[in-house]
Structures are given as structure tokens and as C-alpha cells.
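In: need a structure here:
(one chain, ligands or ions: 1)
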Amino acid sequence: MTNNAGGSRLFEATTLGPLALPNRLVMAPLTRNRADADGVPTSLMATYYAQRASAGLIIAEATTPSAVGQTYANIPALHTSAHVAGWREVTDAVREAGGRMFVQIQHGGRVGHPDTSGHVPVAPSPVALPEEIHTADGRRPSVVPRELTVDEIRSTVADFAAAARRAVDAGFEGVEVHAANGYLIHQFLAKNTNRRTDAYGGPVEHRIRFAVEVVQAVADAIGPERVGVRISPGVGVNGVEEGDTDSIYPALVAALADRGLAYLHVVFADPDQPLFQEIRKTWPGTLIANPVLGWGGPLPADGGRGAGERLLAAGADLISLGRSFLANPDLVERLRTGAPLNAVRDQYLMYTGGETGYTDYPTLDAPALVAS
Ligand SMILES: Cc1cc2nc3c(=O)[nH]c(=O)nc-3n(C[C@H](O)[C@H](O)[C@H](O)COP(=O)(O)O)c2cc1C
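Out: Okay, here's the model as predicted:
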């Protein structure tokens, strides 16, 4: 096999705090709904993640810190000892295959449904998701969430910290706090979902307070060098309209900058965007960039390698890829050698449970695994 890596920095060994990474490619968190009905990770998940252990770092999918924080059916959780035991099987399998793993902690806020979680969702303000939500029985109208009291905000912060402790007990190297993509923390950041008039709402310094408190509590619980944060500036997914993107993120990044965190992870990072450049200048540590590859359309033929290299040249330290890792267990080897990539199969197979479209993507070494 020819090696046409051509000196690309993507394939250089590097470090992330105390961790040695064999390359700069990160598997982005991808919700795949393969946990059991109680949120306990399954053996199938251990197989899936171990298949992808050649990533420099795996960030495991969004995982709920509490029952009320659950977004969708069959997503994994981290609020019982059964969850810890299930995840332990996954981290052991990944470690045995030579990999390293963080886990993303996600509270859905208003992105949740009583049919899924058994609870009325909670949020900064009683503003419903303006679209239907996926449940085990299909799409359902969203419900108006209940506004969190200040005491409940404090206990939610504590839930994130407790989930982080469990993540370490389960064998993860660290956790990623999910402050992106319209879930609870992002709902506090955005004007249209945060109508509070107390210390958690109103001006930017108030709207970033919840994010900062969660991150600090998690850092206090497991050590800042084990904590990353994911943000999605200007991304309007799940009905969020930030209103003042160019003020929120400089303030948030500055507030997080001196806490010794493992990394900041930026979704849909564009090297030509002034806000991305400002974030890079403000953030003193490792920056993971998730390139813009064309959402809703096919992936570029190079799987994101070119976009990743442009972001490294613009100051990113690590590059995260989602769909390319989903479809290519041996993505690093394929990108390094220029081998062709598997395409993501039928969208629906991403969420239906089971092996199909999950653990049956072929590798270069095992093309026979191809499903018909
Ligand atoms: C099936 C699927 C599940 C996803 N689940 C998550 C998730 O759990 N947490 C998250 O922050 N982003 C999630 N994302 C977004 C990805 O992490 C990533 O930002 C996005 O796919 C863009 O990267 P890509 O173009 O390399 O796929 C998901 C994306 C897909 C396609």
C-alpha cells in the first residue's frame, strides 16, 4: 500500500494534556441510539468503538447525566452503577484495541419528551422546541418545558459533575461538556430560549453563567485536564437563535480560558471566519475544530482531509470528523494512504438499532464484512 500522507500534520503524533495521541484525528461524538432502554451501553457499542480505536481520540456520543436530561430513545446515560459497568466494557475494549476515549455529557433541556424520559423536560424558560421530536414511537409534537428554579439549576450542575465522576470510574480519560447544538447549555446561551430575568438570563455575562458553572463543577470533580467543552457558534440547530453570537462566544471563551481545561471543540469551524480566528486567539489550549463539510449533502471525496489540513494551518490543534468515522472504522489508515472511503449508508440505518449500518462497515483488511 502506498503512503501518500505527504507529510500531512493530521498524522503526526501529539499530546492532549497528559495523553499521548498517535495522530490529530478525533472521532466526533455521534448519537447512534444503541444503548438499552435504560441507557446502559451494550456489547455492540463496545465493538463499534473498538473498531474505531485508531482515532487519535474518540469522543463517545452524547450521554445523559440524569433521567430528565434524556433527549432520545436508547441514548446512553451516566447516572447509575449499571451505566458505569456498561461503559466500562466499552472503554476496556477501546483501550485493548489501543485507543483513548472521552465521553460527551449532554443534558437535552427542552429537547426531550415525557414519552422518552418519563419526565416533562426542563429548560431555562418555558419555550417549546419549534418542531416535532423523535421518540421511540415516531415523531411527536414537542411539549413546553418547565422553567428550572435556581435550586434546580444548582442540582443540574451537580448532576453534570456526578456524571463526570462516573465517567472516570467507567474508564474514560475525560469528558466533553456539550454546550452546543441547541441542548440545555446552549439554551441558556441563546436569547430566544433564555427569557430569564435572574442571574442566569438577560445580558451575555448572565447567559454564559450556567455554562461556566457546569464546566467549573466538572473540572473540580475530575480535574480540569480531563475536561473539554463543545460549542457551536451561530449554529441554529434545534431552534436556537443566539441573537448575539459575536458577543456570547468571545465572552464565554474568555471566561473558560484560564481554567486549565483539556480542550475547546468548535463545531462547523471555518478558518476564514473572524469569530473562529478570535476564538483561536483567545483560547490558550488545545483547539479541536470540526470542519464544515456540507451538512445534508454527501461528504467530500477526501472525507474531510483537505478541510482538516486548512484548519490545522489556521491554528487548530486537532480535527474532528463525524460521518467519515461513522462509515469508516479504519478512517485514519484510509486518509493516510489515500484509499477510497465507504459512503454513509441509508440515513435511517444511523438510528434503527442493531448491527446494520453500525458495526458492519468494511475495513481495508476485512472487505468481506460488507453487508449485502
Ligand atoms: C448520526 C449523527 C449523530 C450525531 N450526534 C452528535 C452528538 O451526540 N453530539 C454532538 O455534539 N454532535 C453530534 N453530531 C454532530 C457531529 O458530531 C458533527 O459535528 C457533525 O456530523 C459534522 O461533522 P461531519 O461533517 O464530519 O459529520 C451527530 C451527527 C450525526 C451525523
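
In: host element of residue 324?
Out: If you go by DSSP states H and E, residue 324 is part of helix 323-327.

In: what residues does that helix touch?
Out: 27-28, 30, 32, 52, 55, 293, 299, 303-304, 331, 341-345, 350, 361 (C-beta atoms under 8 Å, 6 or more residues apart in numbering). Glycine gets a C-beta too; all of them are placed from N, C-alpha and C.

In: Show me what secondary structure element comes after that helix.
Out: Downstream of helix 323-327 (by DSSP H and E), the next one is helix 331-337.

In: thinking again about what came up before, let's see which of the contacts of helix 323-327 end up in helices.
Out: Among the contacts of helix 323-327, DSSP state H puts residue 331 in helices.

In: Buried members of the contacts of helix 323-327 into ChimeraX, please.
Out: Buried residues among these (16 or more other C-beta atoms under 10 Å), as a ChimeraX selection:
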select :27,28,30,32,52,55,293,299,303,304,331,341,342,344,345,350,361
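
In: Out of the contacts of helix 323-327, list just those in strands.
Out: In strands, defined here by DSSP state E, the members of the contacts of helix 323-327 are residue 27.

In: Touching, residue 224 and residue 263? I think so.
Out: No - judged on C-beta atoms under 8 Å, residue 224 makes no contact with residue 263 at a distance of 10.8 Å.

In: So the two - more neighbours on which side?
Out: For residue 224 versus residue 263, neighbours defined as other C-beta atoms under 10 Å are more numerous around residue 263 (25 against 18).

In: residues touching the more buried one, list them.
Out: Residues in contact with residue 263 (C-beta under 8 Å, 6+ apart) are 16, 228, 229, 285, 286, 287, 288, 317, 318.

In: helix/strand/coil for the second one?
Out: I take that to be residue 228. Following DSSP: H, G, I helix; E, B strand; the rest coil, the label given to residue 228 is strand.

In: of all the residues in this protein, which ones are close to the ligand?
Out: 28-31, 61-62, 104, 178, 180-181, 230, 267, 290, 293, 304, 321-324, 350 (C-beta under 6 Å from any ligand atom).

In: any idea how far residue 100 is from the ligand?
Out: Residue 100 sits 18 Å away from the ligand, going by C-beta to the nearest ligand atom, to the nearest Å.

In: Quick one: low-confidence residue ranges for this protein.
Out: 1-6, 347-351, 368-372 (pLDDT under 70).

In: Quick one: the strands in it, in order.
Out: 14-16, 19-21, 25-27, 57-63, 101-105, 122-123, 133-135, 138-140, 146-147, 174-178, 227-231, 263-269, 286-291, 318-321.

In: wait, which of these is closest to residue 249?
Out: strand 227-231 (6.6 Å; C-beta to C-beta).

In: Please name every helix or strand in contact with that closest one.
Out: Applying 3 or more C-beta pairs under 8 Å, 6 or more residues apart in numbering; DSSP states H and E, we find strand 227-231 packed against strand 174-178, helix 209-222, helix 245-257, strand 263-269.

In: again, only using 6 Å
Out: Applying 3 or more C-beta pairs under 6 Å, 6 or more residues apart in numbering; DSSP states H and E, we find strand 227-231 packed against strand 174-178, helix 209-222, strand 263-269.

In: what's the angle from it to strand 57-63?
Out: 70 degrees (axes from the mean of the first three to the mean of the last three C-alpha atoms, to 10 degrees).

In: I would like the residues contacting strand 227-231, please.
Out: Strand 227-231 is contacted by residues 176-180, 215, 218-219, 261-265 when judged by C-beta atoms under 6 Å, 6 or more residues apart in numbering.

In: now those residues as a markdown table including distance to residue 74?
Out: Below are the contacts of strand 227-231 laid out as a markdown table (distance: C-beta to C-beta, whole Å):
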| residue | distance to residue 74 |
| --- | --- |
| 176 | 20 |
| 177 | 22 |
| 178 | 18 |
| 179 | 23 |
| 180 | 21 |
| 215 | 27 |
| 218 | 25 |
| 219 | 30 |
| 261 | 30 |
| 262 | 28 |
| 263 | 28 |
| 264 | 29 |
| 265 | 24 |
